[in-house]
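Engineer: structure for this input, please:
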Amino acid sequence: MATIKLVVVTELRKPTRSILAGKAPFFVGQGDTDLVCGSCGSTLAEGIVNGQLRDIIFQCPECGEYCEQTLLPPFPEVQVIRLSAGYFDFSTLSAPIKCPPDVAVIGTKLSVP
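Structural biologist: Prediction:
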C-alpha cells in the first residue's frame, strides 16, 4: 500500500475547493493508496486510487491542520461525483463513505464557515 503525505495548507483566504471535516478516514476504497495528514500523519483517506480525490482540502481531526494533495498524477478514466457547495462535516456519519475504484470525487467552490 502506497502512502502519500498531504501538504499542509497555510492560508485559507478564499477557498475554491471542498473542505472536509469530521471523523477520519473520510473515504475508504479498494485501491492501493492511503492519504495521510502532512502534519501529524493521521490517515485521512485509505485504499483509494491515486488521483481519485481531487480539489479537496481535508481538516485533520487529530491536529486540526488543513491538508491537500497538490500534485496530481495522470489518472484513469473514472465516473465523477460532484459535491454540492458547502462545508462538509463528516462527524455525524457512522462510517466513512465507500468509494469504489472507478469513482472520483470533485469539489466545488466553497466558503469557510
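Engineer: partners of the longest strand that the chain contains, with directions?
Structural biologist: Counting by DSSP state E, the longest strand found in the chain is strand 43-48. Sheet pairing of strand 43-48 (DSSP bridges) gives strand 27-29 (parallel), strand 33-36 (antiparallel).
Engineer: those strands: which one's closest to residue 4?
Structural biologist: Closest of the strands paired with strand 43-48 to residue 4 is strand 33-36, at 5.3 Å (criterion: CB to CB). From N, CA and C alone the C-beta is placed, and that goes for glycine too.
Engineer: I'd like the average pLDDT over the closest one.
Structural biologist: For strand 33-36, mean pLDDT rounds to 95.
Engineer: contacts for that strand, please.
Structural biologist: 1-6, 42-50, 53, 58, 69 (CB atoms under 8 Å, 6 or more residues apart in numbering).
Engineer: list buried residues within these.
Structural biologist: Among the contacts of strand 33-36, those scoring as buried are 4, 6, 42-50, 53, 58, 69 (criterion: 16 or more other CB atoms under 10 Å).
Engineer: and of the residues you listed, the nearest to residue 27?
Structural biologist: For the buried ones among the contacts of strand 33-36, the nearest to residue 27 is residue 45 (4.3 Å; CB to CB).
Engineer: how about the closest one, what does it touch?
Structural biologist: Contacts of residue 45 (CB under 8 Å, 6+ apart): 24, 25, 26, 27, 28, 29, 34, 35, 53, 58.
Engineer: put together CSV for these, with distance to residue 12 on each row.
Structural biologist: As requested, the contacts of residue 45 are exported to CSV (distance: CB to CB, whole Å):
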residue, distance to residue 12
24, 19
25, 22
26, 17
27, 21
28, 26
29, 26
34, 24
35, 19
53, 18
58, 12
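Engineer: now the buried members of those.
Structural biologist: Buried among those (16+ other CB under 10 Å): 24, 25, 26, 27, 28, 29, 34, 35, 53, 58.
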